[in-house]
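# Dropping the sequence and predicted coords here.
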Amino acid sequence: MTELNLRGLGVALITPFTNDGSIDYEALSRLIDYQLDNGTNYIVALGTTAETPTLSKEEKKEVSRFIVDKVDGRVPVVLGVGGNNTSALVEELKTTDFKGISAILSVTPYYNKPTQEGLYQHYKALSEASPLPLVLYNVPGRTGVNMASETTLRIAKDCSNVIAIKEASGKLDQIEEIIKGAPEGFSVISGDDAVTSAVIDLGGIGVISVFGNAFPKEMAWLVDSALKGDSLNARNKMEEDFSELFHLIFIEGNPAGVKSILSQKGIIENSLRLPLVPVSEKTSLKIKQALEKAKYL
């Protein structure tokens with residue numbers, strides 16, 4: 001297996017936009033500084049949380065390059081490269097300049113709902129084409145297909161440069177099966193903030209977080225505590241301070257909720273690209289009240 005340390009807190013960065021819908025690079029710079037000053041172990045660029053489907057090909061290149069230049073080697077940068085056209089992805093992996101990128105995160109193909117064999121063949125083709133380590137991403141709530149533990153393990157054992165999976169199936173029994181059957185060097189990363197400590201207790205190595213955009217210091221503490229065997233104390237504190245916010249940031253979709261928090265904290269404008277829209281006034285008020293209650297405003 002290819003060596004790359006993705007242990008700890010990874011944050012799936014949002015893409016800040018100005019009120020006219022253009023990319024707000026000043027806000028993105030502030031957000032990256034905020035992450036690196038508060039314990040984030042690695043950055044995930046151009047994932048789902050970045051509203052990547054609404055970015056043009058040129059914008060994706062610009063955002064990726066901006067993040068790499070801003071991070072400047074201080075932490076790994078994992079780049080989202082996913083889709084439901086295998087041959088197009090293979091071509092992208094073969095032709096893209098990945099300078100400054102440490103690994104590729106690739107979501108299971110969405111909408112066309114492949115079989116388990118189709119998922120295996122898809123990732124096998126990406127593995128053969130990729131110049132970098134690959135992290136699988138299973139999120140059936142978005143893609144319409146769940147990658148079974150048997151398929152994940154088959155890929156992990158057959159593809160030496162597939163080093164981890166971001167698991168957001170919500171199936172702790174499935175996650176446990178992957179962890180127990182994983183070959184040496186293959187890791188499981190939680191893809192769901194709310195079950196981070198539970199996944200770590202099973203043997204996972206951390207989380208790729210949405211919540212960490214707004215609260216990197218707190219999420220880094222939770223992950224570190226859980227990795228040190230003190231997940232109960234970490235979980236109790238996080239549930240006390242953040243259980244309501246964990247719910248509220250997803251009630252009207254991602255990244256609308258976390259963008260509302262970041263806006264209220266003064267880091268970004270509360271702007272999304274259609275078809276996504278900001279959270280409703282009702283949810284925004286609830287978020288504000290929860291932030292005030294936890295003394296974060």
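All right, it came through fine. Numbering: from 1, shown residues only.
# tell me which residues in the biggest helix by length in the chain are buried?
In the chain, with assignment by DSSP state H, the single longest helix is helix 231-251. For helix 231-251, burial by neighbour count (16 or more other C-beta atoms under 10 Å) applies to 231, 234-235, 238, 241-242, 244-246, 248-250. In short, each C-beta sits where N, CA and C put it, glycine included.
# cool, and stretch 72-79?
Of the residues in stretch 72-79, 75-79 count as buried by neighbour count, 16+ other C-beta under 10 Å.
# Grab the two from the residues you listed that are most spread out in space.
By the measure C-beta to C-beta, 75 and 79 form the most distant pair in these, at 13.4 Å.
# Please report how far residue 248 lies from residue 17.
21 Å (C-beta to C-beta, to the nearest Å).
# again, but for residue 226
Residue 226 sits 33 Å away from residue 17, going by C-beta to C-beta.
# Which one's more surrounded, those two?
Ranked by neighbour count (other C-beta atoms under 10 Å), residue 226 and residue 17 place residue 226 first, with 25 against 21.
# Show the model's pLDDT score for the more buried one.
On pLDDT, residue 226 comes in at 95.
# who does the helix or strand of the chain with the lowest mean pLDDT touch, helix- and strand-wise?
Least confident helix or strand, the chain: helix 231-251 with a mean of 85, by mean pLDDT, DSSP states H and E. Packing contacts for helix 231-251, counted by 3 or more C-beta pairs under 8 Å, 6 or more residues apart in numbering; DSSP states H and E, involve helix 196-202, helix 216-227, helix 256-264, helix 281-293.
# so that helix versus helix 216-227, what angle?
With axes from the mean of the first three to the mean of the last three C-alpha atoms, to 10 degrees as the basis, helix 231-251 and helix 216-227 are set at 140 degrees to each other.
# can you count the residues close to the closest residue to residue 170 other than its chain neighbours?
Spatially, and ignoring its direct neighbours in sequence, residue 170 is nearest to residue 192 (6.4 Å; C-beta to C-beta, 6 or more residues apart in numbering). Counted with other C-beta under 10 Å, residues neighbouring residue 192 total 22.
# What distance do you get for residue 192 to residue 204?
Distance, residue 192 to residue 204, by C-beta to C-beta: 11 Å.
# ok, residues contacting the longest helix of the chain?
193-194, 197-198, 200-201, 210-211, 214-215, 218, 221-222, 225-226, 257-258, 260-261, 279, 283, 286-287, 290-291, 293-294 (C-beta atoms under 8 Å, 6 or more residues apart in numbering).
# What distance do you get for residue 70 to residue 26?
According to C-beta to C-beta, residue 70 stands 11 Å off from residue 26.
# Would you mind telling me which of these two has more residues around it?
Neighbours were counted for residue 70 and for residue 26 using other C-beta under 10 Å; residue 70 has more, 17 against 11.
# Assign the more buried one to helix, strand or coil.
The assignment at residue 70 comes out as helix when based on DSSP: H, G, I helix; E, B strand; the rest coil.
# show me the contacts for it.
For residue 70, the contact set (C-beta under 8 Å, 6+ apart) comprises 28-29, 32.
# From residue 157, how far off is it?
From residue 70 to residue 157 the distance is 37 Å (C-beta to C-beta).
# Please list only the buried members of the contacts of residue 70.
The neighbour count (16+ other C-beta under 10 Å) marks 28, 32 as buried among the contacts of residue 70.
# Among the contacts of residue 70, pick out the one closest to residue 38, please.
Residue 38 lies nearest to residue 32 out of the contacts of residue 70, by C-beta to C-beta, at 11.1 Å.
# Okay, strands next: where are they in this protein?
8-12, 42-45, 77-80, 103-107, 134-138, 162-167, 187-190, 206-209 (DSSP state E).
# Sweet, I'm off.
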